[in-house]
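Colleague: Provide a 3D model corresponding to the input given below.
(chains A and B)
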Amino acid sequence: MEHKELNLLNEALGFHNNNLYGRFVLVEDTVDTTAAFVLHQILKHSFSSHPSSSVIFLALSHPFSHYDRILRKIGCNLAAQRDNKRFFFIDMLMLQFPDEGKPNDVGFAAVFEKIESVIKALPQDNTKFVTIMIDDISFLQVAANGSSNDVLDFLHYCYTLTSEYGCAFIALDHKDIYLNEEKPAIISEMEYLADILVKAEPLATGLAKDVHGQLMVLHKQHGISPVKIHNFHFKIKENSIECFYPGTKI
Amino acid sequence: MAATRTRGSSFSRNVSTVTSQNSGLKHGPNGTTFLSSGIPDLDKILGGGYTLGSLVMIMEDAEAPHHMLLLRNFMSQGLIHKHPLLYASASRDPKGFLGTLPAPASAKEDKTRDLTNEKDLRIAWQYKKYFDPQLNISSNNGAQQDYCNDLDLRKPLDRHFYSGMNVGCVSIQDSPDLASLQDQCAKFLSQFSRNEANISSAGRIAIQSFCSPQCKFANMEWHMLSFIRSLKAMARSSNAVVLVSFPPSLLSPSCSKRLQHMADTLLSVRAIPDEDKEMAKLLTGYQDMVGLLNVHKVARLNTQVPVILETTTFSIKLHKRRYLVLECLNQAPVDGSSGSSYNTSGSCSGSTKAGSLDF
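Modeller: Model prediction:
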């Protein structure tokens, strides 16, 4: 079970070298090609990365049953992890801050406090192995009635957890939403802050049954050496992701 | 904990047919359930129909009302199956729209259609009398008679289908915001909340031309986005399908993209210009085409595997001017003398440029 398929994605994300702890991974996708599978892969890996690792999942897109079924097929039992207090699913599907009344930052602060309280409630040694995942960021702005500042504040606070507790922070956003905006504040700031950028795009040549899209994984090694880029194609299956260099699909 | 087994091919459950009699529901993969869109070809394209719990969005074309075809068939099929329906539109009298819904084709015409589609079985005319007419319909169609009807667009649906208590119509023209519609949807969907037991009935919500300019809230984009988002979340936890059509040209590009991301199933309809000589040369059967349908996204509930279709653009045609059919586009033979080469753009992003077709 430990010698799982060392595929290009795992390699690109650096699973075998160092884990994602203390880093911020931003995953971007488009309408045509979803990158949710990257989240599923990271989610599965985070449980096997350390015996006392835990995951805090902020869900804004799909209910628990959706992830449970998907992860079960790739070999991870979320329901059991939830019962073992290693998986904390925070259902925010109906999260909506009212237009009038309490300002958004109060609402977001409540969410952040919940995350922090979960971390603090963990046994001392385990706080170093927490992964926080958000699926996905674009809904945060809808919940905040369009206020990008409040969303950015919240995301910044989440980002600080990577240094304060050494958490891994993974977030998914949709790149094509911001393409036409004059000041795409959220995506630009997140791309700037991110240590690892994962971008999923459709193939330039269109749809294909064998290749579902192309993935670019970018490691920013701040200040030390230039960025390291991995580019490959992928095919999503029920129980795994097949990754291969362009043209090498068998 | 389940051990990881790497398999060569992904496991998929067999799709079985109707769950219970006349419920209009069908089992789908990964623990999902389908209900029919009212268009047999579309059900086939989508792999069974619309998934319960999903949000279906249709991007309208300002130049043509083809989205109405999808809406009408969806509503009509639901009424035939006794699925409770909530219909919202910006007109003053949405109930009047129910009178324009298509009725199922009468049995005789239905059989003729099936026979003409029958490719493999050809029975000489003098032997037909020895066969029970029912047997001519292949078993596939036999089950589909219950699940998806051939709806005759020229025949209005009988009043008794929609005069019952299970049909609600809402006009959103005068409401200042979407709060009341959201409450009504919430109340409607609470009837079908999902539990692991057998599904007793399914509900349908149809919202026509969402964010059309007659609505007072048409400028409140974030308000509309949060409405659709909560509708999506409510649909997810209920045994219902929500169908919303909206005109993307009237929204800002980023708002339109957000809505596209929110959709579980995303379709778009496009008008075909009359007398377009270029297109007439490009495609066979151009004259019969009413419009084009693009399938951008197919619902992927409970699975991470995307649905890749053989083709994403279909022509909308009316068979015998009554029945809606969707056909793959067929390229006409190249006319050597004209020397035109088809520059079909390979991009599947579903751009609305006229002339970019995905074969």
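
Colleague: Can you mark which positions in stretch A:10-21 are buried?
Modeller: Within stretch A:10-21, the residues that count as buried by 16 or more other C-beta atoms under 10 Å in any protein chain shown are A:10, A:12-15, A:19-21. Quick note: C-beta positions are derived from backbone N, CA and C, even for glycine.

Colleague: how about the helices of chain A, start to end?
Modeller: A:8-13, A:36-49, A:64-73, A:78-83, A:104-121, A:138-143, A:148-164, A:185-193 (DSSP state H).

Colleague: Name the surrounding residues that touch the fourth one.
Modeller: This means helix A:78-83. Contact with helix A:78-83 is made by A:47, A:55, A:64, A:67-68, A:71-72, A:87-89, B:1, as judged by C-beta atoms under 8 Å, 6 or more residues apart in numbering or on different chains.

Colleague: and it, what's its mean pLDDT?
Modeller: Helix A:78-83 carries an average pLDDT of 94.

Colleague: same check, this time on stretch B:163-182
Modeller: pLDDT averaged over stretch B:163-182 gives 86.

Colleague: and what of stretch B:288-298?
Modeller: On average, stretch B:288-298 scores 91.

Colleague: Output that stretch as PDB - backbone C-alpha positions only.
Modeller: C-alpha atoms of stretch B:288-298 as PDB (Å, rounded to 0.1, in the frame of the first residue of the first chain):
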ATOM      1  CA  ASP B 288     -34.500  20.700 -41.800                       C
ATOM      2  CA  MET B 289     -32.500  22.100 -38.900                       C
ATOM      3  CA  VAL B 290     -34.200  24.300 -36.400                       C
ATOM      4  CA  GLY B 291     -31.200  25.000 -34.300                       C
ATOM      5  CA  LEU B 292     -28.100  23.700 -32.700                       C
ATOM      6  CA  LEU B 293     -27.700  22.100 -29.200                       C
ATOM      7  CA  ASN B 294     -24.300  22.000 -27.500                       C
ATOM      8  CA  VAL B 295     -23.600  19.800 -24.600                       C
ATOM      9  CA  HIS B 296     -20.900  21.400 -22.500                       C
ATOM     10  CA  LYS B 297     -21.000  19.500 -19.300                       C
ATOM     11  CA  VAL B 298     -22.800  16.400 -18.200                       C
END
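
Colleague: What are the contacting residues of that stretch?
Modeller: With C-beta under 8 Å, 6+ apart, stretch B:288-298 has contacts from A:31-32, B:42, B:45-47, B:61, B:64, B:66, B:69-70, B:260, B:263-272, B:283, B:306-307, B:309, B:312-318, B:326, B:350, B:357-358.

Colleague: Show me just the buried residues among those.
Modeller: A:31-32, B:42, B:45-46, B:61, B:64, B:66, B:69-70, B:260, B:263-272, B:283, B:306, B:309, B:312-317, B:326, B:350, B:357-358.

Colleague: re the thing from before, what is the most widely separated pair among the buried residues of stretch A:10-21?
Modeller: Using C-beta to C-beta, the pair of the buried residues of stretch A:10-21 lying farthest apart is A:12 and A:21, separated by 17.0 Å.

Colleague: Show me what the nearest residue to residue B:263 once chain neighbours are set aside bridges to in the sheet.
Modeller: Leaving aside its chain neighbours, residue B:263 sits nearest to residue B:57 (3.7 Å; criterion: C-beta to C-beta, 6 or more residues apart in numbering or on different chains). For residue B:57, the beta-bridge partners under DSSP bridges are residue B:244, residue B:266.

Colleague: Around residue B:57, count how many other residues there are.
Modeller: Other residues within reach of residue B:57 by the criterion other C-beta atoms under 10 Å in any protein chain shown amount to 26.

Colleague: What residues does it make contact with?
Modeller: B:243-246, B:259-260, B:262-263, B:265-267.

Colleague: mind putting these in a markdown table, pLDDT included?
Modeller: What follows is those, written out as a markdown table (pLDDT from 0 to 100):
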| residue | pLDDT |
| --- | --- |
| B:243 | 96 |
| B:244 | 96 |
| B:245 | 95 |
| B:246 | 94 |
| B:259 | 95 |
| B:260 | 96 |
| B:262 | 96 |
| B:263 | 96 |
| B:265 | 96 |
| B:266 | 96 |
| B:267 | 96 |
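
Colleague: Kindly reformat the residues you listed as a markdown table containing distance to residue A:138.
Modeller: Compiled in a markdown table, the contacts of residue B:57 are given as follows (distance: C-beta to C-beta, whole Å):
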| residue | distance to residue A:138 |
| --- | --- |
| B:243 | 22 |
| B:244 | 18 |
| B:245 | 22 |
| B:246 | 17 |
| B:259 | 11 |
| B:260 | 11 |
| B:262 | 9 |
| B:263 | 13 |
| B:265 | 19 |
| B:266 | 15 |
| B:267 | 21 |
